[in-house]
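A.B. asks: only the shape, not the letters, is given here:
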């Protein structure tokens, strides 16, 4: 069965993180990127002949973690410090958050591959519910600036 596909790029986010397990590389230190991610949608067309409304994250009826999806994306990635839940310096990061020094967001793991999976998992469930299972997320490509990316999907 043929299905239509469309993509949407979400960009303009600045975030900082580190990969604390990356011994021997500079990635173990805090570093920041201009990040973006591209979501690949697949499904049947709606009454407007669209797979997914390109502005649909702004007009959504459903939420991700209790927030409208665009607000959730801004909350997670716009001028934030993302820390892995098993980072030995998690408590120090949370102190920075409490002191108003950083907007800390805790995720299962950090790095482009893990961020692609994190976004996929969050957005995939939202899209299914928002479209009454007409559309699914095929993949998420997460980009660190314009040179590096990682893709997670089915």
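C.D. replies: All right, it came through fine. Not measured: the values here are computed from a predicted model.
A.B. asks: quick one: residues contacting residue 111.
C.D. replies: 17, 19, 27, 150 (C-beta atoms under 8 Å, 6 or more residues apart in numbering). Heads up, the C-betas are built off the backbone N, CA and C, glycines and all.
A.B. asks: most surrounded residue in those residues?
C.D. replies: When neighbours are counted by other C-beta atoms under 10 Å, residue 17 leads those with 26 neighbours.
A.B. asks: which outside residues touch the lengthiest helix in the chain?
C.D. replies: Longest helix in the chain, counting residues (DSSP state H): helix 112-130. Residues outside helix 112-130 that contact it (C-beta under 8 Å, 6+ apart) are 35, 37, 39, 41, 52, 56, 60-65, 69, 72, 82, 107-109, 135-137, 139-144, 148-153.
A.B. asks: give the next helix or strand downstream of it.
C.D. replies: Heading C-terminal from helix 112-130, the first helix or strand you meet, by DSSP states H and E, is strand 135-144.
A.B. asks: quickly run through the sheet partners of the helix or strand following that following strand, with directions.
C.D. replies: Beyond strand 135-144 in the direction of the C-terminus, DSSP H and E gives the next helix or strand as strand 148-153. If you go by DSSP bridges, strand 148-153 pairs up with strand 135-144 (antiparallel).
A.B. asks: quick one: the strand it pairs with to helix 112-130, angle?
C.D. replies: Between strand 135-144 and helix 112-130, the angle comes out at 150 degrees (axes from the mean of the first three to the mean of the last three C-alpha atoms, to 10 degrees).
A.B. asks: sort out which residues of strand 135-144 are buried, please.
C.D. replies: Buried residues in strand 135-144, counting neighbours by 16 or more other C-beta atoms under 10 Å, are found at 135, 136, 137, 138, 139, 140, 141, 142, 143, 144.
A.B. asks: so what's the fourth one closest to, chain neighbours aside?
C.D. replies: Closest residue in space to residue 138, ignoring its immediate chain neighbours: residue 40 at 4.3 Å, by C-beta to C-beta, 6 or more residues apart in numbering.
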